[in-house]
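Chemist: what follows is a predicted structure for the sequence shown.
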Protein chains: 2
Amino acid sequence: MRHILAFIAVAAISLAAGAQQALFEPASLHSPLVNADHTVTFSYYAPKADSVSVDGDFMPAGQTLAMTRDSLGVWRATTAPLAPELYSYRLVVDGVHTLDPANVYQIRDVSTVFNIFMTGGGPDGLYAVNDVPHGTVSRMWYDSPTLGTTRRLTIYTPAGYEQSGDRRYPVLYLLHGMGGDEEAWIALGRTAQILDNLIARGEAEPMIVVMTNGNVDQRAACGESPEGMVKPDFRHPHTMDGTFETAFPDVVAFVDKTLRTHADKSHRAIAGLSMGGFHSCQISKEYPDMFGYIGLFSAAVNRGTADSPVYHDFDTKLARLFTGKPALYYIAIGRDDFLYDENVDYRRRLDTAGYPYVYRESDGGHTWRNWRAYLADFAPRLFK
Amino acid sequence: MRHILAFIAVAAISLAAGAQQALFEPASLHSPLVNADHTVTFSYYAPKADSVSVDGDFMPAGQTLAMTRDSLGVWRATTAPLAPELYSYRLVVDGVHTLDPANVYQIRDVSTVFNIFMTGGGPDGLYAVNDVPHGTVSRMWYDSPTLGTTRRLTIYTPAGYEQSGDRRYPVLYLLHGMGGDEEAWIALGRTAQILDNLIARGEAEPMIVVMTNGNVDQRAACGESPEGMVKPDFRHPHTMDGTFETAFPDVVAFVDKTLRTHADKSHRAIAGLSMGGFHSCQISKEYPDMFGYIGLFSAAVNRGTADSPVYHDFDTKLARLFTGKPALYYIAIGRDDFLYDENVDYRRRLDTAGYPYVYRESDGGHTWRNWRAYLADFAPRLFK
């Protein structure tokens, strides 16, 4: 042990002189701290700042949590007790948004990086890494002959996949919203944790989850393609012009060829949020024999332009889909979602035609908090 | 197209009222910008700050790059021309280290998050995602009977692995240093990019790379285990007490059972940096029939405590390893590394015993810049 301590000491001294000094700075603040009473305390050292506050999604819209400075220059603030959830925040230092340097946990949402923390493992503990068998998460490239390029997927295979010989699994295709990419569901959506936990509890069937990139101008998430470390952008061309939908069978063909799937409609689901809900709506009716389970989360429902044949004859194609009796057509939306009225209209359309669906209405709006909850509600309904 | 623009407009208006407002803020600064003359310009908006500078590893040790404020409150600075490399930096705002909010590219090193950028694709273009076939990167859990738990691995399988039927591959086991985990080599080390590029050029054999977690008190990187989102710590118990080395055959057994490997010494390599170099040194001599290729990068060489039988009889065990004639024993270190003298001693020991090895000495010290270069130099020497 003497030798090890000496090694650490030498490392600290030597590196302190160089660029890696930051690694060895005195143990700094712990922030945030989740307290026993479910309040959360933030700490930030900034002796020269005039004002610091926390801009977090646990606060009412438009409000930040003011921090108070102590005599050493450390700013602190404590929230009210918080319900179990995955929360995101940034600090506002003299009017400028900045990250909490004491918190290494961060998630990128489009072009903004947020700090995150979790209380209570999220709703029902499903968002936490618990002591259960864990699936494998892979980033894999597939060939899209339709788009003439290779593209990146995020793939979850359930615990035991590698050890289960010839066993085949059903597949859920999970689609992101505008500005997202193949990293969105696995990071912000906690897909691996939700599936690990639901499967371990026996509440969901072991399934493969394939998370696509719906921006056909991108081969992969920013920084993961030959474009290099470009600044992510909210807008992409060709996201809702029929191109992605037309090329989607390439993904399914690759997955069925590469993974041990049950390659039929009764073992395939497709679901997505916002733009991904739009894509799921379009793809499912475009290929009525492909998916037996369809989920529209806060979906932009039917917003296709008239430019693509994909968006022609919607009613006829939807009738064809429902003639095939999908096992589940699921719609979920929050009461405050800006797409709420549009979903009311769409449900009315389904009602009028007599098409069965499951509907879940939640509090809140167009947020990941809702989309995680919808996934946790949707996945147990699949492949049973 | 009209519909899509209307959708974006509605999204922007609706969300601006809520917690996701930040996603839709007016396009902010682009920082850093790599200029045509290989200089790099940083920009940061902080109208109330008194001083801002860039603390980057492209600067001489102990120096930061001062930024200058314009009349709108934007601070800017431009570097001298930079050699191709992956660089890291943080901003220093009124004495406090902070991240550049315009740059979403970040890497955690132990408990500190840095912004990163790359010029010229790194040495010889090997660190960039180029337009070549890409391997798969997986996070997979293995069972360690010796440690009595499951643990997390990062695994790279080369392009074509999924499509190559029964083809078997050689395996490189790649070990991190103190404070690192199974995310270190794939993030800071650019392992996937280096291997993709070397294999595409025909300079390295297609191989599997297995990146372990050498902290036996951890089941996975921080945030990825049931411990939750704890603050990462530089020190871990049991990192250099023989436990990891004793349990290492569990990793090899899992990999040989789970992946299509050539399960023999002539198709197995082990290499590591700093503490991982120490582990590679110990493991290779402890199991002399396991690895035909051994790499010690800036290694802490022979620092085992006397507490473990793993560290007894080093010379005898090393003799047994060299009796088996490993195909490659590779040592690399920088002239400024605090472990340099220790490596001189170790090489003298090998020389005295007449054990053959390949030695590479570089500029610089105990840095990822060197470890990436060593991997790029080491991998082409394997399995040929």
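Modeler: Alright, I've got the coordinates. From a predicted model like this one, the values you see are computed outputs, not experimental measurements.
Chemist: distance of the residue nearest to A:Arg268 when sequence neighbours are not counted from B:Pro356?
Modeler: Leaving aside its chain neighbours, A:Arg268 sits nearest to A:Phe291 (4.9 Å; criterion: C-beta to C-beta, 6 or more residues apart in numbering or on different chains). For the C-beta atoms, the positions are set from N, CA and C on the backbone; glycine is no exception. In this structure, A:Phe291 and B:Pro356 are 60 Å apart, going by C-beta to C-beta, to the nearest Å.
Chemist: cool, A:Thr39 as well?
Modeler: 63 Å.
Chemist: more neighbours, those two?
Modeler: Using other C-beta atoms under 10 Å in any protein chain shown, the more surrounded residue of A:Thr39 and B:Pro356 is A:Thr39, with 15 against 11.
Chemist: quick check, the more buried one in contact with A:Arg76.
Modeler: No: judged on C-beta atoms under 8 Å, A:Thr39 makes no contact with A:Arg76 at a distance of 12.0 Å.
Chemist: now the common contact residues for those two.
Modeler: Counting by C-beta atoms under 8 Å, 6 or more residues apart in numbering or on different chains, no residue touches both A:Thr39 and A:Arg76.
Chemist: tell me where the stretch 101-250 of chain A has helices.
Modeler: For the stretch 101-250 of chain A, the helices defined by DSSP state H, counting those that start in this stretch cover A:184-187, A:191-200, A:243-258.
Chemist: want to throw these into a markdown table with mean neighbour count, mean pLDDT and distance to chain B?
Modeler: Below are the helices of the stretch 101-250 of chain A laid out as a markdown table (neighbours: other C-beta atoms under 10 Å in any protein chain shown; pLDDT from 0 to 100; distance: least, C-beta to the nearest C-beta, whole Å):
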| stretch | mean neighbour count | mean pLDDT | distance to chain B |
| --- | --- | --- | --- |
| helix A:184-187 | 24 | 97 | 10 |
| helix A:191-200 | 23 | 98 | 9 |
| helix A:243-258 | 19 | 97 | 5 |
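Chemist: can you put these in JSON lines and add distance to B:Tyr156?
Modeler: Converted to JSON lines, those look like this (distance: least, C-beta to C-beta, whole Å):
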{"stretch": "helix A:184-187", "distance to B:Tyr156": "18"}
{"stretch": "helix A:191-200", "distance to B:Tyr156": "19"}
{"stretch": "helix A:243-258", "distance to B:Tyr156": "17"}
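Chemist: nearest to B:Gly148, out of these?
Modeler: With respect to B:Gly148, and counting by C-beta to C-beta, the nearest of these is helix A:191-200 at 19.1 Å.
Chemist: tell me what the closest one is packed against?
Modeler: On a contact count with 3 or more C-beta pairs under 8 Å, 6 or more residues apart in numbering or on different chains; DSSP states H and E, helix A:191-200 meets strand A:149-157, strand A:208-211, helix A:368-378.
Chemist: who's in contact with it?
Modeler: Against helix A:191-200 from outside (C-beta under 8 Å, 6+ apart): A:125-130, A:132-135, A:137, A:156, A:158-159, A:174, A:185-186, A:204-207, A:209, A:211, A:372, A:375-376, A:379-380.
Chemist: wait, A:His236 sits on A:Gln218?
Modeler: Yes: under the criterion of C-beta under 8 Å, A:His236 makes contact with A:Gln218 at 6.6 Å.
Chemist: neighbour count for the two, which is higher?
Modeler: Taking other C-beta under 10 Å, A:His236 and A:Gln218 do not tie; A:Gln218 has more neighbours (22 against 19).
Chemist: and that one, how far from B:Glu162?
Modeler: 22 Å.
Chemist: try A:Leu259
Modeler: Distance from A:Leu259 to B:Glu162, by C-beta to C-beta: 8 Å.
Chemist: before we move on, what about A:Gly276?
Modeler: With distances taken as C-beta to C-beta, A:Gly276 is found 25 Å from B:Glu162.
Chemist: do the same with A:Lys285
Modeler: Relative to B:Glu162, A:Lys285 is positioned 31 Å away (criterion: C-beta to C-beta).
Chemist: of those two, which one has the most company?
Modeler: A count of neighbours by other C-beta under 10 Å puts A:Lys285 above the other of A:Lys285 and B:Glu162, at 24 against 17.
Chemist: is it fair to say the more buried one lies in a strand?
Modeler: No: A:Lys285 is assigned helix when assessed by DSSP: H, G, I helix; E, B strand; the rest coil, not a strand.
Chemist: give me the distance between it and A:Thr352.
Modeler: A:Lys285 is 16 Å from A:Thr352, by C-beta to C-beta.
Chemist: quick one, phi psi at the closest residue to A:Val110 other than its chain neighbours?
Modeler: Leaving aside its sequence neighbours, A:Val110 sits nearest to A:Gly179 (C-beta to C-beta, 6+ apart; 3.8 Å). When quoted as degrees, to the nearest 10, the phi and psi of A:Gly179 stand at phi 90, psi -10.
Chemist: so A:Gly179 sits against A:Thr112, correct?
Modeler: No: the criterion here is C-beta under 8 Å, and A:Gly179 misses it with A:Thr112 at 9.9 Å.
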